[in-house]
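> Here is my input, please return the structure:
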Amino acid sequence: MKLAVVVPAYDAAHHLEGVVERILAHRPPALERVIVVDDGSRDQTAAIARALSARRPELSLIQRAANGGYGAAMKDGLAAAKAAGAEVVATVHADGQYGPELLGDLLRALERRRLDLLQGSRIAGGAARAGGMPRYKIAGNWLLNRLERRVLRLPLTDFHSGYLVYGPRALAALPFARFSDSFDFDLEAIAAAQARGLAVAEEPIPTHYGDEVSHLNPVTYGLRVLRVLWRFQRGAYAS
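Numbers count the residues shown, from 1 in each chain. Next up, the predicted model:
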């Protein structure tokens with residue numbers, strides 16, 4: 001099982017090196033490639049990734065000429081991972097919010113539970129509160145998650161963490177190029193996996209909210225979530 005880790009990064013110079021080093025320090029045996037996608041950062045993100053790749057042969061950099069959005073970066077990263085022969089792809093954000101140390105556990109859960117798509121949940125086990133998630137995000141997530149469970153018919157506690165592991169069937173079946181260029185990319189992947197009969201589930205993960213800068217607008221993101229649910233009900237993700 002060949003594993004690639006995609007690290008979407010935008011203005012992440014402060015955290016990127018630490019995240020990459022943590023991935024490699026706790027690397028699962030199957031890890032063959034770490035792909036950093038610099039999404040047109042204005043800081044030293046690309047320079048740091050380039051320096052890391054010079055001493056870490058398993059790391060490669062995709063440098064986008066302009067900022068296209070989280071989903072656009074994910075599309076490039078997933079396409080590169082698939083082209084490199086990856087059979088499983090995990091996403092680890094560059095801001096250090098999600099622990100790379102859990103990658104091995106998530107991969108074992110994917111295999112043990114025979115899943116096609118695994119979502120890391122900050123909510124399960126109370127990790128969000130313990131990790132310092134702001135109260136407004138807890139409240140917003142609670143409202144959206146309740147609606148998403150009902151519409152998508154999936155018993156997940158957290159649809160928005162971004163810590164995803166794609167198995168072979170998900171990589172082959174999901175039309176990533178048709179998904180959003182924005183932060184609702186992950187939710188579209190979950191919706192499409194559910195619509196196509198893939199096995200989707202979650203595992204609890206710890207999370208850490210520190211000095212990272214969020215580029216997500218909660219109002220526009222909420223509207224995008226509602227759009228994904230509306231499209232799911234209309235069968236847009238089934239084919």
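
> Strands of this structure, residue ranges please.
Remark: strands assigned in the chain by DSSP state E are 3-9, 31-39, 59-64, 88-91, 117-121, 164-166, 200-204.

> Quick one: low-confidence residue ranges for the chain.
Within the chain, the ranges that satisfy pLDDT under 70 run 125-141, 208-215.

> now the spatially most central residue of it: how far from A83?
Central residue of the chain (CA atoms, centre = their mean): G162, 3.4 Å from the mean position. The gap separating G162 from A83 is 22 Å, by CB to CB, to the nearest Å. The way it works is simple: take the backbone N, C-alpha and C, and place the C-beta from them, glycine included.

> Can you show me the helices along this protein?
Assigned helices in the chain, in chain order: 16-25, 45-55, 70-83, 103-112, 127-130, 135-152, 168-173, 185-195, 218-233 (criterion: DSSP state H).

> tell me the most buried of those?
Most buried of these, by mean neighbour count (mean count of other CB atoms under 10 Å): helix 185-195, with a mean of 24.

> Give me the contact list for stretch 179-190.
Residues from elsewhere that reach stretch 179-190 (CB atoms under 8 Å, 6 or more residues apart in numbering): 68-72, 74-75, 91, 117, 119, 148, 152, 154, 156, 159-160, 162, 164, 166, 170, 174, 176, 192, 200, 216, 220-221, 224-225, 227-228, 237.

> quick one: that stretch to chain centroid distance?
10 Å (CA atoms, centre = their mean, to the nearest Å).

> Quick one: end-to-end length of it, please.
For stretch 179-190, the separation between the terminal residues is 11 Å (CA to CA, to the nearest Å).

> And stretch 188-203, by the same measure?
With CA to CA, one end of stretch 188-203 sits 19 Å from the other.

> how distant is that stretch from the center of its chain?
Its chain's C-alpha centre and that of stretch 188-203 lie 14 Å apart, by CA atoms, centre = their mean.

> do the same with stretch 186-204
12 Å.

> same thing with stretch 18-35?
Distance, centroid of stretch 18-35 to centroid of chain: 15 Å (CA atoms, centre = their mean).
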